[in-house]
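Peer 1: what's the 3D shape of this:
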Amino acid sequence: MTRAAPPPARRDEIVDALRRGTVPTRGLDVLAVGLDGIGPTIDEEVARAAAGGGVFKCIRGEWGSGKTFASRWIADRARRAGFVTSEIQISESETPLHHLQTVYRRLVERLAIGEGETGAFRPLVDAWFFLLEEDALAAGEIDEHDEEALAVETDRLVEARLAEVSRRNPTFAAVLRAYRRAVHEGDHATADGLIAWLGGQPNVAASVKRYAGIRGEIDHAGALSFLQGLLTVIRDSGHGGLLVVVDEVETLQRVRADARDRSLNALRQLIDEIDGGRFPGLYLLITGTPAFFDGPQGVQRLPPLAQRVATDFSGDPRFDNPRAVQVRLRGFDHGRLVELGRNVRTVYASTSPAADRIGRIVDDAYLGDLAAAVAGRLGGQVGIAPRLYLKKLVGDVLDRVELFDEFDPRRDYRLTVTDAELLDVERNAERGGAEAVGEGSPDDGAGDGHAEVATGGRSDPDAIDIDVAADDS
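Peer 2: Down below sits the predicted model:
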């Protein structure tokens with residue numbers, strides 16, 4: 001499928017991320033492989049949330065199958081549909097799922113709008129107040145120069161719009177009114193402190209809290225009310241809703257049993273609140289491995305949660321239902337890996353002065369050889385190869401073809417994989433693959449004789465060299 005080339009600045013962001021071995025945060029349509037089947041359903045669900053519904057979805061896949069990529073691709077689509085998005089990485093030390101006040105804080109810190117720029121919380125609040133003032137003036141009963149009357153009417157609209165939130169927790173509306181007052185008084189330090197407190201930040205000065213008549217910090221129960229208030233601000237500001245990605249929930253399997261059980265119950269509570277209509281406009285998307293959804297240390301520990309996310313994957317993957325609560329990513333095979341490399345080559349060449357030479361030298365055959373070589377050294381596990389494959393393709397091959405006229409990767413390049421640049425799952429697979437090669441078994445990823453392992457003469461015992469060379473015949 002032919003895709004339009006991204007703008008030069010976006011192209012550079014994508015290439016830089018791949019060079020570092022990370023997933024780009026935006027512009028992912030130009031790279032996506034194997035996600036076309038769920039796109040229309042995602043768009044339908046985003047539209048349902050924009051109409052005032054709530055959506056909960058799970059992306060399920062093994063490590064390396066593209067869960068983070070898929071979730072960011074979905075977030076990119078949602079922003080183009082007018083949504084605000086946020087991505088949270090679950091971590092026992094930094095973002096424990098059972099501390100919803102911490103989850104809320106991370107969510108606010110990473111709010112993104114438009115092209116994906118984060119830090120959108122304060123602009124959203126300011127835009128909301130601007131629209132409230134416009135609504136107050138539209139009634140025709142207030143002179144736009146009468147600041148006192150405008151402030152009173154705006155405060156009344158704040159209360160009216162947040163009435164449902166205030167029934168559970170009036171603090172959100174009270175702090176918003178105090179923030180607006182501080183802004184109009186020119187007290188920027190107090191306004192900064194109040195917007196930080198609204199975002200869940202700890203250690204806000206006592207003087208700031210006294211100004212708003214509040215004490216303490218946002219707690220676990222208050223976090224849900226504040227999320228409800230945030231949704232009201234977002235939707236009243238002209239956005240369709242909020243899509244929240246909760247990534248790497250499988251890490252819950254490695255935490256203490258009590259923390260794990262509380263986290264699973266917090267997830268169950270969120271799902272029930274969405275189903276109950278408390279969060280109109282919220283699309284909650286979580287990612288996890290099959291072991292998390294099906295294993296004894298994950299979702300199955302809490303039967304009510306297991307019942308809510310249960311999905312049958314016993315049939316042919318070709319007929320998976322994209323509308324189900326869980327969506328299975330099929331992962332990469334050799335063909336998909338080469339297609340991904342082809343997409344990256346197209347993006348890279350789109351603004352390169354060496355575009356013709358890149359297309360000629362880094363042809364589809366070479367992409368296939370490199371993919372086979374990298375996967376072969378990871379024990380033949382193609383599914384975990386994309387990150388390392390793209391990192392090497394961009395940083396070691398495409399950059400050099402662009403920079404050096406005489407560089408030919410088939411002749412001049414030896415791919416070196418060091419232990420330090422591998423993630424744990426890649427390292428384990430690499431060691432398994434190295435043992436197989438050392439025992440004299442064939443390299444599963446070599447393919448057509450183009451990828452040969454060269455292990456002799458290296459000074460670094462952790463390095464594995466792979467020649468990707470052309471046949472001389």
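Peer 1: Please make it C-alpha for all contacts and neighbour counts, starting now.
Peer 2: Fine.
Peer 1: Verify the contact between R20 and K391 for me.
Peer 2: Yes: R20 lies in contact with K391 (Cα atoms under 8 Å); the separation is 6.5 Å.
Peer 1: Those two: which is more packed in?
Peer 2: The neighbour comparison of R20 against K391 (other Cα atoms under 10 Å) goes to K391, with 19 against 16.
Peer 1: and the residue nearest in space to the middle of the chain, what pLDDT?
Peer 2: Centroid-nearest residue in the chain, with Cα atoms, centre = their mean: R72, separated by 4.1 Å. Each residue has a pLDDT score; the one for R72 is 92.
Peer 1: Can you tell me the element it falls in?
Peer 2: Following DSSP states H and E, one finds R72 within helix 67-80.
Peer 1: who touches that helix?
Peer 2: For helix 67-80, contacts defined as Cα atoms under 8 Å, 6 or more residues apart in numbering pick out 23-29, 32, 35, 42-43, 46, 59-61, 84-85, 113-116, 243, 245, 247, 285, 287-288, 329.
Peer 1: export that helix as CSV, just CAs?
Peer 2: The C-alpha coordinates for helix 67-80 follow below in CSV (Å, rounded to 0.1, in the frame of the first residue of the first chain):
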residue,chain,number,x,y,z
LYS,A,67,1.7,-3.5,21.5
THR,A,68,3.4,-0.2,22.2
PHE,A,69,3.4,0.7,18.5
ALA,A,70,-0.2,-0.3,18.1
SER,A,71,-1.3,1.7,21.2
ARG,A,72,0.5,4.8,19.9
TRP,A,73,-0.9,4.3,16.5
ILE,A,74,-4.4,4.2,18.0
ALA,A,75,-3.6,7.3,20.0
ASP,A,76,-2.5,9.1,16.9
ARG,A,77,-5.8,8.2,15.2
ALA,A,78,-7.7,9.5,18.2
ARG,A,79,-5.9,12.8,18.2
ARG,A,80,-6.7,13.3,14.5
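Peer 1: Going along the chain, name the helices of the stretch 351-473 of the chain.
Peer 2: Here the stretch 351-473 of the chain has its helices, by DSSP state H, counting those that start in this stretch, at 355-361, 364-377, 386-392, 399-403, 409-412, 424-438.
Peer 1: Figure out which of the ones you listed is closest to D219.
Peer 2: D219 lies closest to helix 424-438 among these, at 35.2 Å (Cα to Cα).
Peer 1: what is the mean pLDDT for the closest one?
Peer 2: On average, helix 424-438 scores 61.
Peer 1: repeat for stretch 242-251
Peer 2: Stretch 242-251 comes out at a mean pLDDT of 93.
Peer 1: Endpoints of it, how far apart?
Peer 2: 24 Å (Cα to Cα, to the nearest Å).
Peer 1: Identify all contacting residues around that stretch.
Peer 2: Applying Cα under 8 Å, 6+ apart, the external contacts of stretch 242-251 come out as 68, 71, 75, 78, 83-92, 107, 231, 234, 281-289, 291-292, 298.
Peer 1: Could you list which of the contacts of helix 67-80 belong to strands?
Peer 2: Taking DSSP state E as the definition of strands, these contribute I59, R60, V84, T85, I113, L243, V245, D247, L285, T287, G288.
Peer 1: Find the nearest non-adjacent residue to the first one, please.
Peer 2: Spatial nearest neighbour of I59, chain neighbours left out: T287 (4.6 Å); criterion: Cα to Cα, 6 or more residues apart in numbering.
Peer 1: for the one you found, what are its contacts?
Peer 2: Here T287 is in contact with 58-61, 67-68, 71, 245-250 (Cα under 8 Å, 6+ apart).
Peer 1: residues of the host helix or strand of E148 that come out buried?
Peer 2: Per DSSP H and E: E148 is located in helix 147-161. Residues of helix 147-161 classed as buried: L150, A151, E153, T154, D155, L157, V158, E159, R161 (neighbour count, 16 or more other Cα atoms under 10 Å).
Peer 1: ditto for stretch 408-421
Peer 2: Buried-residue list, stretch 408-421, by 16+ other Cα under 10 Å: D408, P409, R410, Y413, R414, L415, T416, V417, D419.
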